[in-house]
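Student: here is my input; please provide its structure:
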Amino acid sequence: MLKLLLRLTIFILFSSSVRAADDCVILLHGLARTADSMSVIESSLQDDGYRVVNIGYPSRTQKIEWLAIDAVESSIEACGNDIQQIHFVTHSLGGILVRYYESVNRLEDLGRVVMLAPPNQGSEVVDNWKDVPGYELLNGPAGMQLGTDPESLPLKLGPVSFELGVIAGTRTLNPILSLSLPNPDDGKVSVERTKVEGMTDFILMPHTHTFIMRADSVIHQIRYFLAHGQFDHEPV
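Tutor: Model (predicted):
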């Protein structure tokens, strides 16, 4: 019995590795961040056998509509032509870029998507701080589109139609910004506003918006969702 279980485990691991080798995972960082912020995820997924594309984009220079086309299309091109599926792992604004791109350019080979701390329903932080001098300078045109008012771009996007796992953080390093948010929150986005209609799975993690992408427990959940289409709600 033990030998049978061992052989089955080896078969599953080998099969997963083979499938991963045929897939590309695109990483999209958040607002005012760089590709380096996703480097730990990049290394972990490369260890799993995925082809990983982690390209930075100028998040503070253009509106979301422009950034989405530029960042997603350049990343898809970098994946190459010999892949079976394209998956995405995003942080914050990166998730909105995927949603916008998918709303205007359907990806036939789109696989699974994991969003970390996405403002899927906007954020009250933008509502309360967008008129403060220097806010737009620091966050750019895209940052001004992430509120919860009628001009909110995330609120104009419909339900998702792809396999999506959302990971929301519940801790904050910025108590001042948290005063603008319904609890629980991660310092930038409330838990409730990370959710979106049509998502496949959802999980809370005790991490902040700023560093959620570097946590080992979060990376475990990313890897698990890409492999199984759901989160590990009972991790060992």
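
Student: by mean pLDDT, point me to the weakest helix or strand of the protein.
Tutor: When each helix and strand of the chain is scored by mean pLDDT, DSSP states H and E, helix 2-21 comes last, with a mean of 50.

Student: return the list of helices and strands in contact with whichever helix or strand comes after that one.
Tutor: Of the helices and strands lying after helix 2-21 in sequence (DSSP states H and E), the nearest is strand 23-28. When contacts are defined as 3 or more CB pairs under 8 Å, 6 or more residues apart in numbering; DSSP states H and E, strand 23-28 sits against helix 39-47, strand 51-54, helix 64-79, strand 85-91, helix 93-104. All C-beta spots, glycine's among them, are computed from the backbone N, C-alpha and C.

Student: then strand 23-28 to CSV, C-alphas only?
Tutor: Output of strand 23-28 as CSV, limited to C-alpha atoms (Å, rounded to 0.1, in the frame of the first residue of the first chain):
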residue,chain,number,x,y,z
ASP,A,23,2.3,26.9,-19.6
CYS,A,24,3.4,30.5,-19.1
VAL,A,25,2.6,32.6,-16.0
ILE,A,26,2.6,36.4,-16.5
LEU,A,27,3.2,38.4,-13.3
LEU,A,28,1.9,42.0,-13.1
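
Student: what comes into contact with that strand?
Tutor: Contact with strand 23-28 is made by 35, 38, 41-42, 45, 50-54, 57, 71-72, 75-76, 79-80, 83-91, 93-95, 97-98, 111, 226, as judged by CB atoms under 8 Å, 6 or more residues apart in numbering.

Student: do the same with stretch 96-108
Tutor: By CB under 8 Å, 6+ apart, the surrounding residues in contact with stretch 96-108 are 28, 64-65, 67-69, 71-73, 76, 86, 88, 90, 110, 113, 115, 118-120, 146, 153-154, 157-158, 160-162, 196.

Student: name the residues of that stretch that are buried.
Tutor: 96-102 (16 or more other CB atoms under 10 Å).

Student: ok, so of these, who is nearest Asp185?
Tutor: Ile96 (17.5 Å; CB to CB).

Student: tell me the pLDDT of the closest one.
Tutor: Looking at Ile96, its pLDDT stands at 98.

Student: with Leu153 instead?
Tutor: For Leu153, pLDDT reads 98.

Student: can you tell me how far the residue nearest to it when sequence neighbours are not counted is from Val104?
Tutor: Computed as CB to CB, 6 or more residues apart in numbering, the closest residue to Leu153 that is not its neighbour in sequence is Gln145, at 4.3 Å. For Gln145, the distance to Val104 (CB to CB, to the nearest Å) stands at 15 Å.

Student: Gly56: what secondary structure?
Tutor: Following DSSP: H, G, I helix; E, B strand; the rest coil, we place Gly56 in the coil state.

Student: so it makes contact with His29?
Tutor: Yes. Gly56 lies in contact with His29 (CB atoms under 8 Å); the separation is 6.7 Å.

Student: quickly list what's touching both of those two.
Tutor: By CB under 8 Å, 6+ apart, the residues touching both Gly56 and His29 are Ala35.

Student: would you agree Gln221 is in contact with Leu204?
Tutor: No. At 10.5 Å, Gln221 does not count as touching Leu204 under the criterion of CB under 8 Å.

Student: perfect, that will be all.
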